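**Student:** Quick check, what structure comes out for this input:
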Amino acid sequence: MQLEVQLGRLRLPNPILVASGTFGYGREMAGVVEVNRLGGIVPKTITLHARKGNRPPRTCETPGGLLNSIGLDNDGLEVFLARDLPYLVSLGPPIIVSIAGKNPEEFEELAAQLDKAPGVAGLELNLSCPNVAGGIDFSTEPARCHQVVAGVRKVTHLPLLAKLTPNVTNLVPIAQAAADAGADGLTLINTCLGMAVDWRRRQPRLGNILGGLSGPAIKPIALRAVYQVAQTVKIPIVGVGGIASIDDVMEFLVVGASAVQIGTANFYDPTVSVRILDALPTALAELGVRSVAEVVGTLRPPPLESPSNQSNLCPVE
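**Tutor:** Residues are numbered from 1 along each chain as shown. All right, here's what the predicted structure looks like:
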């Protein structure tokens, strides 16, 4: 069975990756997960300089999901290069470094320095974090998205994934702008902006008031985004949002994703990625194919109505 996937110039041993912000920098999971088997690791987003992040509380469980308002808490690029990257590279899977900047110049500086760092397989441009001031500005307008991606493309030879927000009316033109600017692929989607309230105290449950919703609750939104973008934008897509089973993975592949990232599920089931990978060959065989690529974007139109199946339809008043 052929599990390798190609995302532009980025080649992965299999399509099962772990998402930024949910796997730390590898050390946190190394004693629990067979990390060497993963298709890729996207470590926690780094910024040019250290960030303290948002005031606590920073997380809040909701029905079907998790709200987070971490605020890109990290030790900055210098510490990442000296302490975290060498360890990550030693784990084996491709390392796709997630970066975020306050402006296009910071994105470019991060990319230029990482371009010289040994062991980096690619960059994921976090254009869409909803938990920081201005954090989603770069993926809510096509022109700003194009500016950042094009600027980064000029300073690095590394493959680029542009991670976009679902918090827009129409994601397609923004995705197209990223592709036109030189992105090798797209990561769809980041978290959905949300809120939780303690009505008895009349207070928000997050210190930052608003946060990003992840987990099973956003899977239908993520599937919709991948499907809509895949119809028009002709670069590979990495699907992310609520994936916790092999069925979830196959749904994303069928609607147009070439690979997936496991996110929130890592918090409550750290071994989920490897178990999904174990189940992938059987799922591919069930469809009568021998490679992941044969499944990507093969969604069929719904069957035409016929008198024989009308009785099974739910009445809508």
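**Student:** Which parts of the stretch 1-150 of the chain are strands?
**Tutor:** Counting by DSSP state E, counting those that start in this stretch, the stretch 1-150 of the chain forms strands over residues 5-7, 10-12, 16-18, 40-41, 59-62, 65-68, 95-99, 120-126, given from the N-terminal end onward.
**Student:** Tell me which of these sits most buried.
**Tutor:** Ranked by mean neighbour count under mean count of other C-beta atoms under 10 Å, these are led by strand 16-18, which reaches a mean of 28. Heads up, the C-betas are built off the backbone N, CA and C, glycines and all.
**Student:** Show me what that strand packs onto, helices and strands only.
**Tutor:** Contact partners of strand 16-18 among helices and strands, from 3 or more C-beta pairs under 8 Å, 6 or more residues apart in numbering; DSSP states H and E: strand 40-41, strand 259-262, helix 272-286.
**Student:** Looking at these, which is nearest to Glu251?
**Tutor:** Each of the helices and strands packed on strand 16-18 was scored for nearness to Glu251 using C-beta to C-beta, and the closest is strand 259-262 (9.6 Å).
**Student:** thinking again about what came up before, could I get the strands of the stretch 1-150 of the chain as TSV with distance to Cys192 and mean pLDDT?
**Tutor:** What follows is these, written out as TSV (distance: least, C-beta to C-beta, whole Å; pLDDT from 0 to 100):
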stretch	distance to Cys192	mean pLDDT
strand 5-7	24	97
strand 10-12	26	97
strand 16-18	20	98
strand 40-41	24	98
strand 59-62	11	96
strand 65-68	9	96
strand 95-99	18	98
strand 120-126	15	98
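**Student:** wait, which of these is closest to Thr191?
**Tutor:** Within the strands of the stretch 1-150 of the chain, the stretch nearest Thr191 is strand 65-68; the backing value is 7.2 Å (C-beta to C-beta).
**Student:** Give the partner strands of that closest one in its sheet and their orientations.
**Tutor:** Sheet pairing here is set by DSSP bridges, and for strand 65-68 it gives strand 59-62 (antiparallel), strand 210-214 (antiparallel).
**Student:** where does the residue nearest to Val272 when sequence neighbours are not counted land on pLDDT?
**Tutor:** With sequence-adjacent residues excluded and distances taken as C-beta to C-beta, 6 or more residues apart in numbering, Val272 is closest to Ala265, at 4.7 Å. In the predicted model, Ala265 carries a pLDDT score of 97.
**Student:** Ala265: neighbour count?
**Tutor:** Ala265 has 23 neighbours, counted by other C-beta atoms under 10 Å.
**Student:** Enumerate every residue touching it.
**Tutor:** Contact partners of Ala265, counting by C-beta atoms under 8 Å, 6 or more residues apart in numbering, are 215, 243-244, 272.
**Student:** quick check, nearest of these to Val292?
**Tutor:** Ile243 (14.8 Å).
**Student:** where's the closest one, which helix or strand?
**Tutor:** Following DSSP states H and E, there is no helix or strand that holds Ile243.
**Student:** doesn't Leu280 make contact with Arg290?
**Tutor:** No. Under the criterion of C-beta atoms under 8 Å, Arg290 lies out of contact with Leu280, with a separation of 12.0 Å.
**Student:** that older thread, neighbour-wise, which of the contacts of Ala265 leads?
**Tutor:** The most crowded member of those is Ile243, carrying 28 neighbours; neighbours defined as other C-beta under 10 Å.
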